[in-house]
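In: following is a predicted model, sequence given first.
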Amino acid sequence: MVVLAGVSVIVFALVHLVPGDPVRLALGTRFSQETYDALRERSGLDQPLVQQFFSWLGGALTGDLGVSFRSGDTVTSLIAERLPATLTLAFASILVALAIAIPLGTISALRPRSLVDRFATVISQFGISVPDFWVAIVLILVFAGTLGWLPSGGYVPLSEDPLGWLQRLIMPAVVTGTVSGSVITRFVRSSVLEALGADHVRTAQAKGLPARQVFTWHVLRNALLPLVTVTGVQLAYLLSGVVVVEIVFSWPGLGQLALQSVQSRDYPVLQGAILLFAVVFLVINLIVDLLYTAIDPRIRR
Amino acid sequence: MTAGAPPVLEVEDLRVRLRTPRGPADVVNGLSYTVGAGETVAVVGESGSGKSVSVLALLGLLPARVATVTGRAVLQGEDLLTMKPERLRQVRGPGAGMVFQDPMTSLNPVLTIGRQLVEGIRAHGDVDKAAARRRAAELLAEVGLPDPEGTLDRYPHELSGGMRQRVIIAIALSNSPALLIADEATTALDVTVQAQIIDLVEKLQAERGTGVIWITHDLGVVAGIADRVLVMYGGRCVEDGTVDDVLENPVHPYTRGLLGALPDLAQPAVDGVVPDLATVPGVPPAPTDLPKGCVFWPRCPVRGDARCETEQPPLAVIGSADVALPHRAATWCLEGTSGAGSPEGGLR
Amino acid sequence: MTGQPLPPPDAPVAGQGDAKGTSPGPTTLRPVRPRWRETLGLLARNPTAATATLVLIGIILMSVFDETLAPQGPNEIDVADRLQSPSWSHPFGTDDLGRDILSRVILGAGVSLRVGFLAVGIALVIGTLIGLLAGFYGRWVDDVLMRIMDMFFAFPAVLLAIAILAVRGPGSGNTALAIGIVYIPIFARVTRASVLGVREEVYVRASRSVGASDLRLLTRHVLPNAAPPIIVQTSISLAFAVLAEAALSFLGLGTQPPSPSWGLMLAEGRGFIDLAWWLAFFPGMAIFLTVLCFNLLGDGLRDVLDPKQRTLMAGGGR
């Protein structure tokens, strides 16, 4: 809660306390004094800062994040419009990431220095180091351009065109999923390696449990507990940090909205989007904590 | 010791070589001993003497990728070292149960006690869940845990170290093994709990006739529990015999050093105050680079024979060979040992 | 059992301690400082990290001597030579204005590295200072500082950088500032965790007991011993800073044209991807290679300096 309050202060301060007049910037170079005053008044910028903050905060608490400088729509409606696309991409990406990371990380931990392990190391290092937007461009060139198998971008809702939805989702989800998957793969590998060396694994073996049972219940189960945290961090990142990939694939998500609001100096929208992301981050952290309590008996009480 | 009956375990020329980044390490170098039904054999030595590795090797608990185990280890008529993996798995539990050093880490923290007991019981017999659970509760009662039923549903972190070690003993005993291996089972516990655990094992052993290998570096525990003692150094047995022979009439300079029986081996007195711990100065040899002659030679204060530096002394019988358990020691320096007792008149 | 004092053969034996010498034994009063030559030696024995270091030195040298190395000026326009595919005269081809891609990639290295080093420098200095104070003084200092860091941590890195650029305006200086601010909490956290680890070490308490000043304690004892994870984090952060600069420039918020920034070149090349793949390919490779090398160096340093893995997971910065 303290963090959330601080976050809202920072979001607000970011836009208001830094030199530069947002209204002037929003209007560009040519505008009349009347337009300027009108916009200033409409967005409440003529009031004292503290009052501005509290009216914004009050609004934010009731779901009113103000009105876009540019389109005149409410910020809340703009965000709501973009939310499905962002959620779709984030969850598809995390699925791709886990589908890559869990098997690959586990196998390479079980067979350190094997071919699979080396392959996983190279692939995950590649995934972490490669610029995702560059991969996106290359994929578009190959699959949309040369092969013509997939559309190069855009988004259609699942309810309207399931096939088109899937076709458009594949490439962005693979790109962002690979990046997250690389991070998670490394994590799973070290986590499984650590679990394999735990004393209780030897106890389980000494009981005469079948190898598969030892692995499932005494290695994997323990190794995957902390995966919840990493997955949470990655999900938070996917929900907010994939601006560049959204742009490349013309994916109408929140990242794109945030970037457009920056480019058009549409501060209420930017403010709203950033606040939303911060809240999402905190909510995911909270869910991770709750989940952890549910699955790890050591912190249940 | 029940003389005449075949031993539960017969180990012959056990050798373990580990692959390490610094080259092959000969951790166990030709170890032979037997454990009879109802008998307790204490294996004593410093860390790095190969005592833990030697028992982990018996049950195939060393990673196969780095460990090469040779020799013979016959448990109830079957050689553990040549067994197929599936047969070995079946033997772990009913053939031999194992209790580990650290009760804090030897139980899986995210599974209930009940589950960890039940899965061991069900791995070795067609027992339904309810029956296995009843058996688990009985076991917990047998090892002296209050509220066995309630404990089944608890997690390891909710129990104290001593209680956890009782749980681990219950797990080890859950399939009524012929042999129980306790690897430093009381080291991590405080003294009162240690004594309770030792009493518990002795009681269960008496009831069931289990053979016990008790690995420890604590000679007090040895005196309290063992029928016979095997002193390990550098992966070898340097002295063995009945507990009375070894503790009261130690022959090998290393054993005597451990027992504080050689005053010049103990740490020098500072200001006339005799240090209260009898430690042997120096470090044990690295298993990657064992000495050519007697393994103890680099640290030995006696070195009473020309062969010490070049030739490993064999285990030779001391005193009468005509007893069930002859007292043996691997040293060239056998003179002047008769009558050298433990300074405080023995440990018992 | 008797009260007979018994030999503790399992007690750690003097001289047998941590072979790496990173954790001082209980009797050492003086900390064992990170040994630079040993570290470099160990690093040199790790072929991956050694190669990465060599390539990085190459890239840095390239950016220092870029004007000499580049066959052409970055903005030499030759309309006759537009969109040439890679050839002997233009190994990486030319762009839509006929500019030599190879020259622009070479000159772009300087931009990327300058922004990267500046950004990490900002984060390193401020973040380490905050982490040091929080970890060393604890109590309310810790609470207040780390709570503030948590707030900054709650913002998605890229968006926080975008927002800062939005208010400060685009440009490479502001890009470095934005990335630097974003990475401050990471350094603060890593430093704090590391300081907490060494604060109670014997040599620190010993120095304190003989009346060493806080400043002296911090600079002479705490910081040097808390440094390894910070060093690892620096290398990894450089990787992400280069990546972030490219991303921000790609979005048009970072380095501005006509500067030859790799991210900007990628953005320009994106429009010609069907016609001339080399426009986007070579700058992308340059980013990838640089980021990869910083990451590999970070991994190598981590293996040598920080076996306990106190550094935040690499993905934390992304």
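Out: Structure received.

In: what about A:F126, how many neighbours?
Out: For A:F126, the neighbour count with other Cβ atoms under 10 Å in any protein chain shown is 16. Where C-beta positions appear, they are placed from N, C-alpha and C, glycine not excepted.

In: that one contacts A:V179, correct?
Out: No. Here A:F126 does not reach A:V179: they are 10.0 Å apart, not a contact under Cβ atoms under 8 Å.

In: okay but B:L56 is in contact with B:P63, surely?
Out: No. Under the criterion of Cβ under 8 Å, B:L56 makes no contact with B:P63, lying 9.8 Å away.

In: look at these two and report which has more neighbours.
Out: B:L56 (22 against 12).

In: neighbours of residue 249, how many?
Out: No chain in the question, so chain A it is. Neighbour tally, A:F249, other Cβ under 10 Å: 30.

In: please go with chain C instead
Out: 28.

In: so it is in which element?
Out: C:S249 is part of helix C:223-250, with elements assigned from DSSP states H and E.

In: how about that helix and chain A, any contact?
Out: Yes. Counting by Cβ under 8 Å from any Cβ of the partner chain, chain A is contacted by helix C:223-250 at C:239, C:243, C:246-247, C:250.

In: the longest helix belonging to chain C to helix C:223-250, inter-axis angle?
Out: If you go by DSSP state H, chain C has its longest helix at helix C:101-137. Relative orientation of helix C:101-137 and helix C:223-250, computed by axes from the mean of the first three to the mean of the last three Cα atoms, to 10 degrees: 140 degrees.

In: next helix or strand past helix C:101-137?
Out: Counting by DSSP H and E, what follows helix C:101-137 is helix C:139-153.

In: on that earlier part again, make JSON lines out of the residues of helix C:223-250 next to chain A and add pLDDT and neighbour count.
Out: Formatted as JSON lines, the residues of helix C:223-250 next to chain A follow (pLDDT from 0 to 100; neighbours: other Cβ atoms under 10 Å in any protein chain shown):
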{"residue": "C:A239", "pLDDT": "88", "neighbour count": "25"}
{"residue": "C:L243", "pLDDT": "87", "neighbour count": "28"}
{"residue": "C:A246", "pLDDT": "86", "neighbour count": "35"}
{"residue": "C:A247", "pLDDT": "86", "neighbour count": "28"}
{"residue": "C:F250", "pLDDT": "86", "neighbour count": "29"}
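
In: how about the longest helix of chain C: buried residues?
Out: C:101-120, C:122-124, C:126-136 (16 or more other Cβ atoms under 10 Å in any protein chain shown).

In: is it positioned near chain A?
Out: No. Helix C:101-137 lies out of reach of chain A by Cβ under 8 Å from any Cβ, never closer than 11.3 Å.

In: how about low-confidence regions in the stretch 51-200 of chain C?
Out: The stretch 51-200 of chain C contains residues with pLDDT under 70 at C:66, C:69-86, C:88-92, C:94-98.

In: quick check: residues of it near chain A?
Out: So the stretch 51-200 of chain C meets chain A at C:147-148, C:150-152, C:154-160, C:162-169 (Cβ under 8 Å from any Cβ).

In: give me that answer again for 10 Å
Out: C:147-148, C:150-170 (Cβ under 10 Å from any Cβ of the partner chain).

In: domain parsing for chain A?
Out: A:2-61, A:81-295 (automatic domain parsing).

In: to chain B, which of those domains lies closest?
Out: domain A:81-295 (3.5 Å; Cβ to the nearest Cβ).

In: buried subset of the residues of the stretch 51-200 of chain C next to chain A?
Out: Going by neighbour count (16+ other Cβ under 10 Å), those have C:148, C:150-168, C:170 buried.

In: for chain B, what helix or strand is lowest in average pLDDT?
Out: None of the helices or strands of chain B scores lower by mean pLDDT, DSSP states H and E than strand B:316-318, at a mean of 79.

In: give me the contact list for that strand.
Out: B:239, B:241, B:245, B:249, B:251-252, B:323, B:326-332, B:334, B:337-338 (Cβ atoms under 10 Å, 6 or more residues apart in numbering or on different chains).

In: and that strand, which strands flank it?
Out: Within its sheet, strand B:316-318 is paired with strand B:327-329 (antiparallel), according to DSSP bridges.

In: what about A:R202, which SS state?
Out: helix (DSSP: H, G, I helix; E, B strand; the rest coil).

In: which residues are in contact with the nearest residue to it once chain neighbours are set aside?
Out: Spatial nearest neighbour of A:R202, excluding adjacent residues (Cβ to Cβ, 6 or more residues apart in numbering or on different chains): B:L61 at 5.8 Å. By Cβ under 10 Å, 6+ apart, the contact set of B:L61 is A:201-203, A:205-206, B:52-53, B:55, B:67, B:88, B:92, B:98.

In: with B:V212 instead?
Out: B:8, B:35, B:38-42, B:99, B:179-182, B:201-202, B:204-205, B:225-227.

In: that one belongs to a helix?
Out: No. Read with three-state DSSP, B:V212 is strand and lies in no helix.

In: A:L150 touches A:A173, doesn't it?
Out: No. If you go by Cβ atoms under 10 Å, A:L150 and A:A173 don't touch, sitting 11.6 Å apart.

In: what about the nearest residue to C:F155 once chain neighbours are set aside, which helix or strand?
Out: Leaving aside its chain neighbours, C:F155 sits nearest to A:A278 (5.5 Å; criterion: Cβ to Cβ, 6+ apart). Secondary structure assignment for A:A278, by DSSP H and E: helix A:267-295.

In: what residues of that helix count as buried?
Out: Under 16+ other Cβ under 10 Å, the buried positions of helix A:267-295 are A:267-278, A:280-282, A:284-285, A:288, A:292.

In: so where do the helices sit in chain B?
Out: Under the criterion DSSP H, chain B carries helices at the ranges B:51-58, B:85-91, B:113-122, B:129-142, B:148-152, B:161-173, B:191-208, B:219-225, B:243-248, B:253-258.

In: and the third one, is it in reach of chain A?
Out: Same thing as helix B:113-122. Yes. Applying Cβ under 10 Å from any Cβ, one finds helix B:113-122 touching chain A at B:115-117, B:119-122.

In: chain center to that helix: distance?
Out: 25 Å (Cα atoms, centre = their mean, to the nearest Å).

In: what's the answer for the last one, then?
Out: Centroid separation between helix B:253-258 and its chain, computed with Cα atoms, centre = their mean, is 18 Å.

In: packing partners for it?
Out: Applying 3 or more Cβ pairs under 10 Å, 6 or more residues apart in numbering or on different chains; DSSP states H and E, we find helix B:253-258 packed against strand B:228-233, strand B:236-242, helix B:243-248, strand B:327-329.

In: ok, C:L102 to chain A distance?
Out: Distance of C:L102 to chain A, computed by Cβ to the nearest Cβ, to the nearest Å: 18 Å.

In: please apply the same query to B:R135.
Out: Taken as Cβ to the nearest Cβ, the span from B:R135 to chain A is 14 Å.

In: check contacts around that residue.
Out: B:117-118, B:121-122, B:125, B:127, B:174-175 are the contacts of B:R135 under Cβ under 10 Å, 6+ apart.

In: how does it look with 6 Å?
Out: By Cβ atoms under 6 Å, 6 or more residues apart in numbering or on different chains, B:R135 lies in contact with B:I121.

In: again, but for B:V295
Out: B:233-234, B:236.

In: let's see that with 10 Å instead.
Out: B:29, B:49, B:232-236, B:238, B:254, B:284-285, B:312-313, B:330.

In: what helix or strand does the nearest residue to C:A109 once chain neighbours are set aside sit in?
Out: Of all residues not flanking C:A109 in the chain, C:S63 sits nearest, at 4.0 Å (Cβ to Cβ, 6+ apart). Using DSSP H and E, C:S63 falls within helix C:47-64.

In: quick check: buried residues in that helix?
Out: So, applying 16+ other Cβ under 10 Å, buried residues of helix C:47-64: C:49-50, C:52-53, C:55-56, C:59, C:62-63.

In: where does the stretch 201-301 of chain A dip in pLDDT?
Out: Ranges of the stretch 201-301 of chain A meeting pLDDT under 70: A:241, A:300-301.
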